[in-house]
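A.B. asks: Build me a model from this:
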Amino acid sequence: RRWALARMATSTFPPPPRFYRLYAPTEVDDGAGRREDDERGERGAVRRPPEPPEPPEATEFEAFGLIYTLEDGLPPLRTDKVLFEVNDGRVDFKGELLKLNKEILYHYIDLIDVLATRPGDYVHALSDLDAVFQNTHYLLNAMRHFQARATLQHALQTQIDEHRQAIEDLRNTVQKHRSEVLQSLQRLSTSMSTSDGMEVDLDVHPRVPPASAEGS
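C.D. replies: Residues are numbered from 1 along each chain as shown. Okay, here's the model as predicted:
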């Protein structure tokens, strides 16, 4: 058994966990024509899958020392240091992210210098670097709805361009084949007039019905 478990752990494509059998609605065939017993040892009994877990009641949970919430919305800024500017309720995301990107490099170099020269004072430098990352993360989350709208616009525009190109290709194909049909009819007309000694009038152009009188 231990050898089998070790083989499963090192396999390139390991099989699913054994507890997946608990979710079989009926008895399970082991592949050799034999039916496995259920938990009570009875053959031919119908297995009932376990009940799913209850949904969590709490709206907040902790992971890796941070508190997360299940509610939709923009996550709050997890630092008191606001490093981006807000003008009339608007944020220049591109400019502020570029500025914060440069701030990350500056504070990282400052942290390395502090660790090399004053290891005991690293807390303040690390706090500044963490604040820059928190502000960057906040701005990136605030851009998600703009990103979703831009992605949707790009997808729709791509579909429109593909449809237009398909229509243009269809028109070109129809025009090409129409030209070939007209040429074939013209050659056929010339051949028949030459062989029979008389001209045959083949109207290869579609007839347009006369316009009806107004008010009729």
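A.B. asks: what sits up against stretch 59-77?
C.D. replies: Contacts to stretch 59-77, defined as CB atoms under 8 Å, 6 or more residues apart in numbering, come from residues 56, 78, 134-135, 138, 141-142. Where C-beta positions appear, they are placed from N, C-alpha and C, glycine not excepted.
A.B. asks: got the buried residues for that stretch?
C.D. replies: Leu77 (16 or more other CB atoms under 10 Å).
A.B. asks: Pull up the distance across it, start to finish.
C.D. replies: Start-to-end span of stretch 59-77 (CA to CA, to the nearest Å) is 18 Å.
A.B. asks: I'd like the distance between Ala131 and Lys81.
C.D. replies: The gap separating Ala131 from Lys81 is 4 Å, by CB to CB, to the nearest Å.
A.B. asks: ugh, typo on my part, it should be Glu180
C.D. replies: Glu180 is 73 Å from Lys81, by CB to CB.
A.B. asks: next one: Lys176
C.D. replies: 67 Å.
A.B. asks: Repeat that for Arg178.
C.D. replies: Relative to Lys81, and taking CB to CB, Arg178 is found at 71 Å.
A.B. asks: re the thing from before, out of Ala131 and Lys81, name the residue with the larger neighbour count.
C.D. replies: Ala131 (20 against 12; other CB atoms under 10 Å).
A.B. asks: what kind of secondary structure is that one in?
C.D. replies: Following DSSP: H, G, I helix; E, B strand; the rest coil, the label given to Ala131 is helix.
A.B. asks: cool, and the one 10 residues further on?
C.D. replies: Recorded secondary structure, Asn141: helix (three-state DSSP).
A.B. asks: Same check on Arg78?
C.D. replies: coil.
A.B. asks: With adjacent residues omitted, what lies nearest to it?
C.D. replies: Gln134 (5.2 Å; CB to CB, 6 or more residues apart in numbering).
A.B. asks: mind listing the helices for the chain?
C.D. replies: 2-10, 93-117, 122-142, 144-196 (DSSP state H).
A.B. asks: so which of those helices is the most packed in?
C.D. replies: helix 122-142 (a mean of 16; mean count of other CB atoms under 10 Å).
A.B. asks: For it, give me every contacting residue.
C.D. replies: 74-75, 77-79, 81-84, 91, 93, 96-97, 100-101, 103-104, 107-108, 110-111, 114-115.
A.B. asks: Next: stretch 113-120.
C.D. replies: Stretch 113-120 has contacts (CB under 8 Å, 6+ apart) with 121-122, 125.
A.B. asks: would a markdown table of those residues with distance to Ala166 and pLDDT be doable?
C.D. replies: Shown next, in a markdown table, are the contacts of stretch 113-120 (distance: CB to CB, whole Å; pLDDT from 0 to 100):
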| residue | distance to Ala166 | pLDDT |
| --- | --- | --- |
| Asp121 | 65 | 87 |
| Tyr122 | 61 | 90 |
| Ala125 | 58 | 91 |
